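Colleague: no sequence for this one, just the structure:
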């Protein structure tokens, strides 16, 4: 038996343990909107993984639901398509949005480095929110507001699903979601009170 962890392939019959990335993309974007941000960019390549694409579409849904426009010039990618390695060799838009949704903490970290090198302050000039709540999100300066995704819960649910599949191989395939929560830190500035 195969259990996909934090990944799925549309049309492939297998159990998977995933985050509802569409929903958390929507939640993260709404968080920025509730903090007064109306110009929101996205950092990540939706063609790279299902989690990035789902987060991107959740971001777009939140923009649409709040009558905000998607601005293609505020959509940037800062990692190599083949290797996935992050780098600083990317352009930031001449006119920046007030906030960016970054597909993960590492991507956000590299964006922060690029902005700092360009004398742009986080969160004073640009707010940033990301996903994963890795140690890096806590060590950044300022610490990142992020969506916490529990690796322990991933492990527990994966083990449970694998044991269940071994005991009952004919059960319908399951898509199990891992709980997420928003961790507020200093990388988002409220534009309204």
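Modeller: Here it is on my side, so go on. Computed from a predicted model, the values in this text were never measured in an experiment.

Colleague: quick check: the most centrally placed residue in the chain vs residue 79, distance?
Modeller: In the chain, the C-alpha closest to the average C-alpha coordinate belongs to residue 103, at a distance of 3.3 Å (CA atoms, centre = their mean). Residue 103 sits 9 Å away from residue 79, going by CB to CB, to the nearest Å. (Glycine included, C-beta is placed from N, CA and C.)

Colleague: same deal with residue 138?
Modeller: From residue 138 to residue 79 the distance is 21 Å (CB to CB).

Colleague: more neighbours: the two, which one.
Modeller: Neighbour count, other CB atoms under 10 Å: between residue 138 and residue 79, residue 79 has more, with 20 against 13.

Colleague: that one contacts residue 89, correct?
Modeller: No - under the criterion of CB atoms under 8 Å, residue 79 is not in contact with residue 89, lying 10.3 Å apart.

Colleague: neighbours of residue 186, how many?
Modeller: 14.

Colleague: ok, now which ones touch it?
Modeller: Residue 186 sits next to 123, 142, 143, 145 when contact means CB atoms under 8 Å, 6 or more residues apart in numbering.

Colleague: so it: helix, strand or coil?
Modeller: Taking DSSP: H, G, I helix; E, B strand; the rest coil as the rule, one finds residue 186 in the coil state.

Colleague: same check, this time on residue 27
Modeller: helix.

Colleague: give me the nearest residue to it, chain neighbours excluded.
Modeller: residue 182 (6.6 Å; CB to CB, 6 or more residues apart in numbering).

Colleague: next up, identify which helix or strand the one you found is on.
Modeller: Residue 182 belongs to strand 180-183 when elements are defined using DSSP states H and E.

Colleague: residue most distant from the centroid, this protein?
Modeller: Distance-from-mean max, the chain, by CA atoms, centre = their mean: residue 167 at 34.6 Å.

Colleague: and it, backbone torsions?
Modeller: The phi/psi pair for residue 167 (degrees, to the nearest 10) reads phi -70, psi -40.
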